[in-house]
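A.B. asks: The following comprises the amino acid sequence and a computationally predicted model.
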Amino acid sequence: MFRKYILLTPIFCFLLFSAKGQQTEWFTINQAYKSGIELLEKSKYAAASEQFSRVEQVRLAPSSQLLAKNKQISLLKENAQYYQAVCALELGNTNAEGMFLKFIREHPASANTKAAYFQMGKSFFAQKNYAKAIEWFTKTSAANLAGKDNEEYRFKLAYSYFSVQRYNDAEPLFAKLKEEEGKYQESSIYYYAYLSYLNADYKTALREFERLKNSTAYQSSYPYYISALYFLDKRYDDVIAYTIPAINVIADQYKPEMYRIVAATYFARDDYKTSLSYYQKFQALDQGKTQNNQDDYQLGFIYMKMNNPQKAILELNKLGNPDVHYQSGMLVLGEALLKTNDKQGARNAFFRASRLDFDPKLKEEGLLNYAKLSYDLEFYTVALDAVQDFIKTYPKSARINEAKTLLGAVLLSTKNYKEAVNILETIQNKNEETKGVYQKVTYFRGLEFYNERAFENSISLFMRSQKSAVDDDLEALATYWLAEAMFEVRKYGESVAQFEKFLAMPAARKTDVYNYANYALGYSAFQNESYSKAANYFERFLRGDDKDRNTVTDATLRLGDSYFVLKNYSAALQQYNKIIAWGGQGEDYALFQRGMIEGLNGQNDAKIATHEELLRKFPNSNYSDDAGFEIAYTYFVKGDNDKAKNDLSSLIEKYPRSSYVPRALVTIGLVQYNQDQDDAALATFQRVVKDYSTTDEAKLALESIKNIYLDRADANGFLAYSNTTSIGNLSTAEQDNITFQAANNLFLRGDYQAAFDAVNAYFDKFPKAIHEKQAKFIRAESLVKLNRPDEAIPDYTFILNDWTSEYTERALISISKLYLNQKKYNEAIVYLKKLETTAEYKANYGFAINNLIEAYNNMNMPEDVLKYSKIIRDFDRSSAEDKYRAGLFAGKAYLLKGDTTSATKELTVVASKTATVTGAEAKYLVGFLQYQKGDHKAAEKTLFELAKMESHDYWVAKGFILLADNYAAQKDLVQARSTLQSVIENYEGKDEIIPTAKAKLDQLNKKKK
């Protein structure tokens, strides 16, 4: 390479030829210098260096006569020293750097010093020590250099900047050089294009790289960048047209990248098969050296599309440091692991995707899938937290309904049916999956309400479960329990319809209540006065399987009753005779009914004998007064008036509060009338009108009184008498009835204040009201509803003074409820005991005994509690929940007596059998006994089980407070404080829970101090 290094040669020549005289020494120096310059220009650096060395070795004479020439020689020596360093640099000698440094040190003011900086920079550039090269290059500037040195300086400085990644310094230098024709133009275009590529200025980068299309120097590399830029610009057709042929000419080092670009292009065009073929070529050359997250993700995705989850897993497991491709890959990996039935692995993959923030949509999908798999794998607590987090974080997600459905399923699994119903109710348009979950949670929530005897609420839930029917078996059960709930609220027609619907369902036959439904349907039909239908279903029940002795007995009696009402007396008698033959429960009733049938068949003596047998075998039967009346009345029918009258008088004396008293009196009056004892008959009939004016017998008695007065031709006396009665003036009675009905309608509509006012107006207008007892009952009930219970007591008491009223039992129930609500248990017990001993309906008897046990429990009377616990368990109409509740009270009674062994036994059974509030309280008490006993591990286990009963907030919170005590007893004060703090932060009740928790936490904190 030819370089012009001679800067001062003309001056030297002038000096040499203008010197005075030609001295030999001068001639030798000058010739050596000139020879060195010529050799340098011919790139003969070794020879030139030798000539310059001869110049340097000259010693200057001290003579003053040679002073001018000495200055000329010094300048030659200075230049020779510089050029000798240049030669050393060109020859690659290791001492070149030292020679330049010596020159710069000795000649700092020399014109060649700035050029020396450039040469030093070149030296370090040649050694690839770009940092040192920059240090020396920047001691001068391009302005100090001319020609090719100027161009070389700028390029090598730019390249040095590029090499140390000072791209902002390199870019403007390359930008100018790329537009200047010369040795460095092509390289400058390449590096400028590359820097634009790094800066994501892809249009500029592509434009510059395309300028190199005819370049031989960079033909092995620039096609890669052009391909990459086509891909980044989504010019997929150009990638395929340009890159595939270019692979054949590009350097081997770029071939893997080119295959990768083509593979990614086909991937972007959804041509997964072709993409895979190029990815395989890439992998074959790359050998895993540069395969990155994007490659791993796309390969995994391709293999999943080609139904090869095993290979997908292999590729996706290569994913490295998290980025958006890693996040996408985790979702695909999760799907692949699911295909291979590795749910745990899939769950972990989805979890990793949910924890990354690169793509919010991917994070959202990962979280929901993580929640779903946590639920599938029965990590219910984790699933609950995850899905609640999803709903809170993504309330407007397109998959929000799916998440709510999942939350419902999780809550269903944890038996938190209440919250499950609430969350699923917010979904307007339910898909099949949501309907399936909703069907289940509404069914089980309905059962909770049913077991708690909140029948109206259970009806609503069972009907909702029916409307979302997906599971036939569950639909059948919901229909069955809906029918039962309808029966409990006396909607007998609807109950019949639902039972019939249940029995018609194919799925119903698989349930364990199928045959029992025939029995229940028979009862509903009977109450609905559909007696033929009742008989049909009672017979079907008795022919079917799955029945017990109690229900068989009851069904047989009700079948007999159905035939009795239908006047099929022979069929009815057949059923009653079965009961009598069995000699068990209900025999007294069967005897009574048999006697009635015998009477209806004209077999009066047989009837009397049967009813006398009843009185003999069952003197304390509820049907004793019925049988006594029927015996006496039969004698009356037979014409044995004296016997009839004596027996009826005895009946009234023995059963003064019996509903048969007015009928007995009317019959006695008729006997007296038939025996021409008119005065006695008149007194008897007037007694009925006066004392039993609300009964049908009073009207019969008034008619008989009229006949007696007419017999005496004393019509005016009758009219005068009738006007003194409450039932004698028909027009008044009519007005009475209308006025009362208006008040009653207000009551039935729930307008209790208006009903109260209307009843008062009714009594003001009709002081001797026909509907006196019913009106007083309505007024009392309205006052209770208006939170004025004390004012209701006189009306209830009035009703209860007459034991023959149809409102007697209802009044007993209401007044006992009133006192129970006021916690006046002594007063409540008085009326509950009366109801227990006089109730004609089993449901009312059940009400009495179930509330008596509660009253005795609240009065801390354990012996009475235990007594009624046994009565409730032995009662054939007690529900399972009634028996569990009795067991709870029994356990608490034993605790009062100090018998913890018996208490534990009772409470453990209840806690294991029911998930209602009864079971929650029992489980708490079991945990309390374990804690008191010092069995802390057992107590902890029990209280954690209680914590899962999330529908019963009070007992769950109370259990956590006890759990804190349990921790404290084990010296685990950290856990104790944490547990109490959790109660304080999360419990929403307004009772003693929060104050108790705070007090205990204060005590623990004082211990800490």
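C.D. replies: That came through fine.
A.B. asks: Okay, helices next: where are they in the stretch 401-550 of the chain?
C.D. replies: 417-425, 432-451, 455-467, 472-488, 492-504, 514-527, 531-543, 549-565 (DSSP state H, counting those that start in this stretch).
A.B. asks: Format the ones you listed as JSON lines; extra columns: distance to Leu406 and mean pLDDT.
C.D. replies: Just so you know, the C-beta spots here come from the backbone N, C-alpha and C atoms, and that holds for glycine as well. Shown next, in JSON lines, are the helices of the stretch 401-550 of the chain (distance: least, CB to CB, whole Å; pLDDT from 0 to 100):
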{"stretch": "helix 417-425", "distance to Leu406": "10", "mean pLDDT": "89"}
{"stretch": "helix 432-451", "distance to Leu406": "8", "mean pLDDT": "92"}
{"stretch": "helix 455-467", "distance to Leu406": "19", "mean pLDDT": "94"}
{"stretch": "helix 472-488", "distance to Leu406": "19", "mean pLDDT": "94"}
{"stretch": "helix 492-504", "distance to Leu406": "31", "mean pLDDT": "94"}
{"stretch": "helix 514-527", "distance to Leu406": "33", "mean pLDDT": "93"}
{"stretch": "helix 531-543", "distance to Leu406": "42", "mean pLDDT": "94"}
{"stretch": "helix 549-565", "distance to Leu406": "42", "mean pLDDT": "92"}
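A.B. asks: quick one: contacts for Asp626?
C.D. replies: Shown in contact with Asp626 (CB atoms under 8 Å, 6 or more residues apart in numbering): Phe592, Tyr660.
A.B. asks: State the helix or strand in which it lies.
C.D. replies: helix 624-638 (DSSP states H and E).
A.B. asks: which of the residues in that helix are buried?
C.D. replies: By 16 or more other CB atoms under 10 Å, the buried positions in helix 624-638 come out as 624-636.
A.B. asks: quick one: which of those residues is nearest to Asp874?
C.D. replies: Closest to Asp874 out of these is Ser624 (21.9 Å), distances taken as CB to CB.
A.B. asks: Is the closest one in contact with Glu612, as I believe?
C.D. replies: No: in this structure Ser624 lies outside contact range of Glu612 using CB atoms under 8 Å: 11.3 Å.
A.B. asks: where do the strands sit along this structure?
C.D. replies: For the chain, applying DSSP state E gives no strands.
A.B. asks: Can you tell me the centre-most residue of it?
C.D. replies: Leu407 (2.7 Å; CA atoms, centre = their mean).
A.B. asks: Excluding sequence neighbours, find me the nearest residue to that residue.
C.D. replies: Closest residue to Leu407 apart from its sequence neighbours, by CB to CB, 6 or more residues apart in numbering: Val387 at 4.6 Å.
A.B. asks: Report how many residues lie close to the one you found.
C.D. replies: By the measure other CB atoms under 10 Å, the count of residues near Val387 is 28.
A.B. asks: do the same with Ala88
C.D. replies: For Ala88, the neighbour count with other CB under 10 Å is 22.
A.B. asks: and Thr804, what pLDDT?
C.D. replies: The model reports Thr804 with a pLDDT of 63.
A.B. asks: And for the one 10 residues further on?
C.D. replies: At Ser814, the predicted lDDT confidence score is 91.
A.B. asks: separation between it and Lys834?
C.D. replies: 13 Å (CB to CB, to the nearest Å).
A.B. asks: for Lys213, same thing?
C.D. replies: 111 Å.
A.B. asks: what about these two, which has more around it?
C.D. replies: Lys834 (18 against 12).
A.B. asks: number of nearby residues for the closest residue to Arg687 other than its chain neighbours?
C.D. replies: Leaving out its chain neighbours, the residue that sits closest to Arg687 by CB to CB, 6+ apart is Leu665, at 6.1 Å. Burial of Leu665 is recorded as 22 neighbouring residues (other CB under 10 Å).
A.B. asks: for Leu665, what are its contacts?
C.D. replies: By CB under 8 Å, 6+ apart, the neighbours of Leu665 are Leu648, Ile652, Thr684, Phe685, Arg687, Val688, Tyr692, Glu697, Ala701.
A.B. asks: send the alpha carbons of stretch 310-330 over as PDB?
C.D. replies: Extracted C-alpha coordinates of stretch 310-330, given in PDB (Å, rounded to 0.1, in the frame of the first residue of the first chain):
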ATOM      1  CA  GLN A 310     -44.800 -35.900  24.200                       C
ATOM      2  CA  LYS A 311     -42.500 -34.000  21.800                       C
ATOM      3  CA  ALA A 312     -44.300 -30.700  22.700                       C
ATOM      4  CA  ILE A 313     -43.400 -31.300  26.300                       C
ATOM      5  CA  LEU A 314     -39.800 -32.100  25.400                       C
ATOM      6  CA  GLU A 315     -39.400 -28.800  23.600                       C
ATOM      7  CA  LEU A 316     -41.300 -26.700  26.100                       C
ATOM      8  CA  ASN A 317     -39.300 -28.000  29.000                       C
ATOM      9  CA  LYS A 318     -36.300 -26.200  27.300                       C
ATOM     10  CA  LEU A 319     -37.800 -22.800  28.000                       C
ATOM     11  CA  GLY A 320     -35.300 -20.600  29.900                       C
ATOM     12  CA  ASN A 321     -35.600 -17.200  31.600                       C
ATOM     13  CA  PRO A 322     -39.100 -15.900  31.700                       C
ATOM     14  CA  ASP A 323     -40.300 -13.700  28.800                       C
ATOM     15  CA  VAL A 324     -43.500 -13.500  26.800                       C
ATOM     16  CA  HIS A 325     -42.600 -16.700  24.900                       C
ATOM     17  CA  TYR A 326     -42.000 -18.500  28.100                       C
ATOM     18  CA  GLN A 327     -45.400 -17.300  29.400                       C
ATOM     19  CA  SER A 328     -47.100 -18.500  26.200                       C
ATOM     20  CA  GLY A 329     -45.100 -21.700  26.400                       C
ATOM     21  CA  MET A 330     -46.300 -22.500  29.900                       C
END
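A.B. asks: before we move on, back to that, and the contacts of Leu665, which of them are in helices?
C.D. replies: Among those, DSSP state H puts Leu648, Ile652, Thr684, Phe685, Arg687, Val688, Glu697, Ala701 in helices.
A.B. asks: Return the per-residue confidence for the first one.
C.D. replies: Translated: Leu648. With respect to pLDDT, Leu648 scores 88.
A.B. asks: is it true that the residue nearest to Leu407 touches Gly408?
C.D. replies: No: contact criterion CB under 8 Å: Val387 and Gly408 do not qualify, at 9.4 Å.
A.B. asks: and the buried residues of helix 624-638 as JSON lines, adding pLDDT and distance to Ile705?
C.D. replies: Listed next are those as JSON lines, based on pLDDT from 0 to 100; distance: CB to CB, whole Å:
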{"residue": "Ser624", "pLDDT": "89", "distance to Ile705": "31"}
{"residue": "Asp625", "pLDDT": "89", "distance to Ile705": "26"}
{"residue": "Asp626", "pLDDT": "89", "distance to Ile705": "27"}
{"residue": "Ala627", "pLDDT": "90", "distance to Ile705": "29"}
{"residue": "Gly628", "pLDDT": "90", "distance to Ile705": "26"}
{"residue": "Phe629", "pLDDT": "88", "distance to Ile705": "22"}
{"residue": "Glu630", "pLDDT": "90", "distance to Ile705": "25"}
{"residue": "Ile631", "pLDDT": "90", "distance to Ile705": "27"}
{"residue": "Ala632", "pLDDT": "87", "distance to Ile705": "22"}
{"residue": "Tyr633", "pLDDT": "89", "distance to Ile705": "21"}
{"residue": "Thr634", "pLDDT": "92", "distance to Ile705": "25"}
{"residue": "Tyr635", "pLDDT": "88", "distance to Ile705": "24"}
{"residue": "Phe636", "pLDDT": "87", "distance to Ile705": "19"}
